[in-house]
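Chemist: the sequence isn't on hand, but the structure is:
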């Protein structure tokens, strides 16, 4: 999500995130996103929490950890155990 610089700090990002969070709460066990340095504050203020464990992918050859990858922010993932890796589906290109 990006807001035009001339429209920033007017609550538009919060409106979009509020709608997204309601979708996650109604339809999913949790949500995850990668945040830019500039956008991370918005998500943290809204209650998204940084994943504390390892991250990686689950692909055709099995799990592959990505130790250099920035961990995502989670919505609704408080019950997850950070001792276990958070794996996403593998895909070509930038997976996170």
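Modeler: Nice, I can see it. Nothing here was measured: the structure is a model prediction, and the numbers come from that model.
Chemist: packing partners of the biggest helix by length in the chain?
Modeler: For the chain, the longest helix by residue count, based on DSSP state H, is helix 12-27. Helices and strands touching helix 12-27, as assessed by 3 or more Cβ pairs under 8 Å, 6 or more residues apart in numbering; DSSP states H and E, comprise strand 31-33, helix 40-45, strand 73-75. Using the backbone N, CA and C atoms, a C-beta is placed for each residue, glycine as well.
Chemist: quick one: low-confidence ranges for the protein?
Modeler: For the chain, the stretches flagged by pLDDT under 70 are 96.
Chemist: again, only this time at 80
Modeler: 1-3, 93-96 (pLDDT under 80).
Chemist: what's the closest of the helices and strands packed on helix 12-27 to residue 92?
Modeler: Distance to residue 92, taken as Cβ to Cβ, is lowest for strand 31-33 among those, at 19.4 Å.
Chemist: neighbours of residue 73, how many?
Modeler: Here the count is done by other Cβ atoms under 10 Å, and residue 73 has 21 residues near it.
Chemist: same question for the one 10 residues further on.
Modeler: Per other Cβ under 10 Å, the neighbour tally for residue 83 reads 8.
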